[in-house]
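Trainee: Fold the following, please.
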Amino acid sequence: MLTVSVSHFRQHLFQYLDQVAAGETIVIQRNQQEVARLVGPTPQDWRKRVTDQPKLLVDPEELLQPLADDLWQKYD
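Mentor: Residues are numbered from 1 along each chain as shown. Below you'll find the predicted structure:
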């Protein structure tokens, strides 16, 4: 997140717009007080917002194996 004054933002408007388009958030201040926050557009497709990839702790083949019979015998 970048913080800039109004006058500096005005002088370098297109540079800051390029940074916002690249994902940067810019806080605009007047007299050391925040007056605006410039953020890029949110993606319309929810799939573009997902960044976490699930990680399996076991092999996929192990997930498909049936559970051991002795596990269920404890609950009979």
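Trainee: Kindly export stretch 36-48 (C-alpha atoms) in PDB.
Mentor: These are the backbone C-alpha positions of stretch 36-48, laid out as PDB (Å, rounded to 0.1, in the frame of the first residue of the first chain):
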ATOM      1  CA  ALA A  36      -9.300   8.600  -0.500                       C
ATOM      2  CA  ARG A  37      -8.200   5.000  -1.100                       C
ATOM      3  CA  LEU A  38      -7.600   3.900  -4.700                       C
ATOM      4  CA  VAL A  39      -7.900   0.200  -5.400                       C
ATOM      5  CA  GLY A  40      -8.100  -1.800  -8.600                       C
ATOM      6  CA  PRO A  41     -11.200  -3.400  -9.900                       C
ATOM      7  CA  THR A  42     -12.300  -6.700  -8.400                       C
ATOM      8  CA  PRO A  43     -12.400  -9.600 -10.800                       C
ATOM      9  CA  GLN A  44     -15.900 -10.600 -11.900                       C
ATOM     10  CA  ASP A  45     -15.100 -14.300 -11.900                       C
ATOM     11  CA  TRP A  46     -14.700 -15.800  -8.400                       C
ATOM     12  CA  ARG A  47     -12.100 -18.300  -9.800                       C
ATOM     13  CA  LYS A  48      -9.700 -15.400 -10.400                       C
END
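Trainee: for it, which positions count as buried?
Mentor: Buried residues in stretch 36-48, defined by neighbour count with 16 or more other CB atoms under 10 Å: L38. Placement of C-beta: from N, CA and C, glycine included.
Trainee: Tell me where the model's unsure across this protein.
Mentor: Counting by pLDDT under 70, the low-confidence segments of the chain come to 43-44, 49, 67-76.
Trainee: what sits against the nearest residue to E24 once chain neighbours are set aside?
Mentor: Spatial nearest neighbour of E24, excluding adjacent residues (CB to CB, 6 or more residues apart in numbering): L2 at 6.1 Å. Shown in contact with L2 (CB atoms under 8 Å, 6 or more residues apart in numbering): 16, 19, 24-27.
Trainee: Taking those residues, tell me the two that lie furthest apart.
Mentor: Using CB to CB, those reach their maximum pairwise distance at Q19 and V27, which is 12.3 Å.
Trainee: Report the beta-bridge partners for V4.
Mentor: I28 (DSSP bridges).
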